[in-house]
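S.K.: The following comprises the amino acid sequence and a computationally predicted model.
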Amino acid sequence: MNDIVLQTQNLNKFFHEPVEFHVLKDINVSVHKGEFVSMIGKSGSGKSTLLYCLSTMDNDYSGEVHILNENVTGRKDKAMAAIRNKNIGFVFQFHYLLPEFTCLKNVMLPALKLGKHTYEEIEDRAYKKLEILGLKDQALKQSIKLSGGQQQRVSIARALINEPEIILCDEPTGNLDTKNTDMVFDVFRQLVDETNKTILVVTHDTDFAAASDRTIEMADGRIVSGNSGLYMEARA
């Protein structure tokens, strides 16, 4: 649990339109390998903005972001994309599946883009990910024909296809009922406990957050509780 996989150093971010707004203020945070971390805070507190900076999808900031002990700040777009595809899986509030594609093909797409394995190998891996999520029997069904909870589980399988070290989630249960929320949580818990994945979730669900390993709270662009030093002391 001492290996840091995500870290910021003096991260600051401004929005400039319609007026200048200091949205992230001197953020220093660490997330360790095998942690299941929730990030909470009121709307506008900066939590989703921080998540997107950590994901490398937002590079307009000052300070540093480190992924797997590598400073990725200032990298060119192509290099950033390669880092994302290899190391990070994404789960969003909206599943963003391609409705005309089967569940299987949706899961395969990131691995096909990465291009490290043959089509047959990627197909086999996708079937296995769907099986973990309890959806192997739905593999050849168009994603649009699945329920909302099933579609979100397909999006989790897609996030796992490249075997990333880190899973970043932005309100992954925001559109789900209690049953499907519990199911998604159980999947995340299993991934952490059995495969040592690192999961960072932005959520408004206080019950979800309370059941994770650590809760980081943000307010007015700052981290006000739950920073990694406190976590490590509590686990020692």
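M.R.: Structure received.
S.K.: got the CA coordinates for stretch 196-204 in CSV?
M.R.: The C-alpha trace of stretch 196-204 is given here as CSV (Å, rounded to 0.1, in the frame of the first residue of the first chain):
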residue,chain,number,x,y,z
ASN,A,196,-5.1,-4.7,-6.5
LYS,A,197,-6.5,-2.2,-8.9
THR,A,198,-6.6,1.5,-7.8
ILE,A,199,-10.0,3.1,-8.0
LEU,A,200,-10.8,6.8,-7.6
VAL,A,201,-14.5,7.7,-7.7
VAL,A,202,-16.1,11.2,-7.7
THR,A,203,-19.5,10.7,-6.1
HIS,A,204,-22.4,12.5,-4.4
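S.K.: Which residue, other than its chain neighbours, is closest to residue 46?
M.R.: With CB to CB, 6 or more residues apart in numbering as the criterion, residue 46 has its nearest non-adjacent residue at 4.4 Å, and that residue is residue 221. For every residue, glycine as well, the C-beta is placed using N, CA and C.
S.K.: secondary structure element for residue 154?
M.R.: helix 148-160 (DSSP states H and E).
S.K.: helices and strands around that helix, which ones?
M.R.: Other elements packing on helix 148-160 under the criterion 3 or more CB pairs under 8 Å, 6 or more residues apart in numbering; DSSP states H and E are strand 88-92, helix 103-114, helix 119-132, helix 178-195.
S.K.: now do 10 Å
M.R.: Judged by 3 or more CB pairs under 10 Å, 6 or more residues apart in numbering; DSSP states H and E, the packing partners of helix 148-160 are strand 88-92, helix 103-114, helix 119-132, strand 166-170, helix 178-195.
S.K.: Could you list every helix and strand in contact with the first one?
M.R.: By that I understand strand 88-92. When contacts are defined as 3+ CB pairs under 10 Å, 6+ apart, strand 88-92 packs onto helix 148-160, strand 166-170, helix 178-195, strand 198-202.
S.K.: switch to 8 Å and redo it
M.R.: Judged by 3+ CB pairs under 8 Å, 6+ apart, strand 88-92 is in contact with helix 148-160, strand 166-170.
S.K.: Buried residues, the helix holding residue 154. List them.
M.R.: For helix 148-160, a neighbour-count test (16 or more other CB atoms under 10 Å) marks 149-160 as buried.
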